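1. Next input, structure requested:
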Amino acid sequence: MEKKFYVYIIQSEVDRSIYIGMTKNLTHRIYEHNNGFSRFTKSKAPWKLIWYCAFDNEKNAILFEKYLKTGSGRAFIRKKIISRPP
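-> Residues are numbered from 1 along each chain as shown. Got it, this is the predicted structure:
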């Protein structure tokens, strides 16, 4: 059985900011974000998973994660993934 790689988006329940990441173990990674194991997200916990996508290979997952972190990728997230009322 092949390993899956996950690109995910979590949203802070404190200020609605988002964090984009990649992992092999999605459940464990969300646990880490919510329990202070990530220095980038511990100050805004708790986090909720709002979207994820599974990839069969690490290279494609890394490329998509990098895309989501660009201006175009963030626009895609706002338009297609996060529905925020104006």
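2. quick one: low-confidence parts of the protein?
-> Residue ranges of the chain with pLDDT under 70: 1, 83-86.
3. could you pull out the helices for it?
-> Taking DSSP state H as the test, the helices found in the chain are 26-34, 58-68, 71-76.
4. Export these as JSON lines, with columns for distance to Ala45.
-> Every C-beta, even on glycine, is put in place using the N, C-alpha and C of the backbone. What follows is the helices of the chain, written out as JSON lines (distance: least, CB to CB, whole Å):
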{"stretch": "helix 26-34", "distance to Ala45": "5"}
{"stretch": "helix 58-68", "distance to Ala45": "21"}
{"stretch": "helix 71-76", "distance to Ala45": "22"}
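5. Take those and write them to a markdown table, including distance to Lys48 and mean neighbour count.
-> A markdown table is the format used below for the helices of the chain (distance: least, CB to CB, whole Å; neighbours: other CB atoms under 10 Å):
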| stretch | distance to Lys48 | mean neighbour count |
| --- | --- | --- |
| helix 26-34 | 9 | 16 |
| helix 58-68 | 17 | 15 |
| helix 71-76 | 19 | 12 |
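6. who wins for proximity to Pro46 among those helices?
-> helix 26-34 (5.3 Å; CB to CB).
7. Mind giving me the packing neighbours of that closest one?
-> Here helix 26-34 touches strand 5-12, strand 18-23, strand 47-55, going by 3 or more CB pairs under 8 Å, 6 or more residues apart in numbering; DSSP states H and E.
8. I'd like the ones you listed written out as JSON lines, with mean neighbour count and distance to Leu68 added.
-> Shown next, in JSON lines, are these (neighbours: other CB atoms under 10 Å; distance: least, CB to CB, whole Å):
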{"stretch": "strand 5-12", "mean neighbour count": "20", "distance to Leu68": "7"}
{"stretch": "strand 18-23", "mean neighbour count": "18", "distance to Leu68": "5"}
{"stretch": "strand 47-55", "mean neighbour count": "15", "distance to Leu68": "10"}
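9. For Arg78, find the nearest of those.
-> strand 18-23 (9.4 Å).
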